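Peer 1: generate a structure from the sequence data that follows.
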Amino acid sequence: MGSAGFFLICILHSVLALTCGTFMMFYTREISVFSHGIEVASKLQGSTPHDQLLIQTSDSFSGLLLFSIGFLLFMVAFVKDREFQSFFAKGCVLLHVSVAVWRVYFGRALEDLAHDLPRQVVGDIALALSWIFFLVYSWREKYD
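Peer 2: Numbering: from 1, shown residues only. Now for the predicted structure:
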């Protein structure tokens, strides 16, 4: 039998990924302005039409990838095997921590985006913590 906490965390992460992916695909400019401000967003759009097209295409594919991850999380939410849930949660913790480390080491090199770095790292750690809380809860449930 699976855990209701796993289902809930997967659904919440899925909704977040689906929403962000959709916005990234269809509202790239608006999301960029909302996230970074008008000045930085205009720098991120590129200076030539060719650069702008490449950046828009890249952002759309990133959004599609995030949307696909959200869909995958939605499907995984219905898996009832406790061993798989634990394995999947550990992988998600590793993924979120790796993204946070990547942001710290490589994201700070982009001076226009450096001021967003703490907020993004805290978000990555918060996502990892949700899976850690699930793991702790499931271990407690298993050994009680």
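Peer 1: other SSEs contacting the helix or strand of the chain with the lowest mean pLDDT?
Peer 2: For the chain, counting by mean pLDDT, DSSP states H and E, helix 38-44 ranks last in confidence among helices and strands (a mean of 79). Packing partners of helix 38-44 (3 or more Cβ pairs under 8 Å, 6 or more residues apart in numbering; DSSP states H and E): helix 28-36. (Glycine included, C-beta is placed from N, CA and C.)
Peer 1: what's the most centrally placed residue in the chain sitting at in phi/psi?
Peer 2: Centroid-nearest residue in the chain, with Cα atoms, centre = their mean: residue 17, separated by 6.2 Å. Main-chain torsions, residue 17, degrees, to the nearest 10: phi -70, psi -40.
Peer 1: ditto for residue 104
Peer 2: phi -70, psi -40.
Peer 1: any idea how far it is from residue 115?
Peer 2: 14 Å (Cβ to Cβ, to the nearest Å).
Peer 1: between those two, tell me which one has more neighbours.
Peer 2: Set side by side, residue 104 and residue 115 show more neighbours around residue 104, with 14 against 11, by other Cβ atoms under 10 Å.
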